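Peer 1: Any chance you could fold what I've pasted below:
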Amino acid sequence: MLMLLQFRLELQQAANKLGKTPIPTEQAEWEKDRTNLLSQIRKFNNDARKHLGDEAVSDTTGVIIFGGNEFEDERDVVDGDTASMTVNDPLVQAVALPSVLADPGRYPHLAELRKKELELRRGLANDLLSDIRQTVGQLSFQWRKGVRLAPDKVRATRARTTAAAIRRRLALQAKFYNQVRGSMERLGMSPIELENGYKFLRPEDIALSKAVQGPNERGEKQTQLSWIWTTFPGLNQDDNYLTECMYVHISFICRS
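Peer 2: Predicted structure coming up:
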């Protein structure tokens with residue numbers, strides 16, 4: 001169910017990667033995936049009537065316009081032009097979930113389903129934060145070993161192409177995390193838990209230190225770690241050694 005939302009973001013990004021003059025075979029493959037997504041959303045929304053009820057499902061239908069493109073490279077905008085899209089477009093069509101209800105107070109019988117969705121979202125947010133850390137690490141390694149140490153222009157270009165693909169994956173993960181966080185807020189997660197474990201993600205939180213991209217710039221080695229390296233929801237406080245290990249690892253990268 002939640003993977004439908006991730007697949008939708010992937011299709012949005014793929015649409016922009018196709019460009020204004022796509023290769024016919026790639027365009028056909030994208031249209032096939034788009035049709036498949038619409039079919040899956042319609043099936044899910046139809047099945048949701050058995051659990052949410054017809055009235056609640058009707059309240060969740062419509063067009064969802066997602067947030068900005070702050071995580072994207074100018075050439076990799078995820079949303080594109082959503083202004084003209086209709087309810088039948090799977091890239092913006094709402095998926096019938098308790099978190100989408102505009103007025104959940106009208107449906108007290110869905111309280112347990114809201115709790116279950118919150119638990120699913122919490123687990124997904126934890127997974128996404130873990131994935132984001134790994135992807136930032138991969139991007140750092142690619143810049144440090146691939147781009148900076150490339151012996152010639154050909155391999156440097158190849159390394160930058162790989163880095164761009166990793167950056168696109170990171171942008172998707174970051175945007176999906178913020179969508180999941182927004183859903184957890186609507187589902188009633190306390191402000192304290194949100195602030196302590198699931199902060200709103202900003203571009204600077206996942207940006208590479210300039211000590212990695214531009215190691216010769218003065219003062220860049222004193223970069224402060226982002227909260228994603230010091231906050232590990234779901235782990236005990238006794239597991240703080242993970243933070244220390246992460247700090248040592250990132251510091252080593254920045255000094256290299």
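
Peer 1: as a whole number, average confidence for the helix or strand where residue 155 lies?
Peer 2: Element membership for residue 155 (DSSP states H and E) is helix 153-186. Across helix 153-186, the average pLDDT comes to 88.

Peer 1: List the buried residues of it.
Peer 2: Under the neighbour-count criterion of 16 or more other Cβ atoms under 10 Å, helix 153-186 has 159, 163, 166-181, 183-186 buried. The C-beta positions use only the backbone N, C-alpha and C, and glycine is treated the same way.

Peer 1: Can you list the low-confidence ranges for the stretch 51-200 of the chain?
Peer 2: Applying pLDDT under 70 to the stretch 51-200 of the chain picks out residues 61-70, 72-88.

Peer 1: Okay, strands next: where are they in it?
Peer 2: In the stretch 51-200 of the chain, no strands are defined using DSSP state E, counting those that start in this stretch.

Peer 1: returning to what we had before: ok now the helix holding residue 155, how far from the chain's centre?
Peer 2: Distance, stretch centre to chain centre, for helix 153-186: 8 Å (Cα atoms, centre = their mean, to the nearest Å).

Peer 1: Determine the set of other helices and strands touching that helix.
Peer 2: The contact analysis (3 or more Cβ pairs under 8 Å, 6 or more residues apart in numbering; DSSP states H and E) places helix 153-186 against helix 2-18, helix 111-141, helix 191-197.

Peer 1: Would you tell me which of these gets closest to residue 147?
Peer 2: Closest to residue 147 of the helices and strands packed on helix 153-186 is helix 111-141 (Cβ to Cβ; 10.2 Å).

Peer 1: Return the set of buried residues in that closest one.
Peer 2: 113-114, 117-118, 120-122, 124-126, 128-129, 131-133, 135-137, 139-140.

Peer 1: Over to stretch 188-208?
Peer 2: 189, 197-198, 201, 205-208.

Peer 1: Between which two of those residues is the distance greatest?
Peer 2: With distances taken as Cβ to Cβ, the most widely separated pair in the buried residues of stretch 188-208 is 189 and 208, at 29.8 Å.

Peer 1: follow-up on the earlier one: helices - which of the buried residues of stretch 188-208 land there?
Peer 2: Among the buried residues of stretch 188-208, the members found in helices (DSSP state H) are residue 197.
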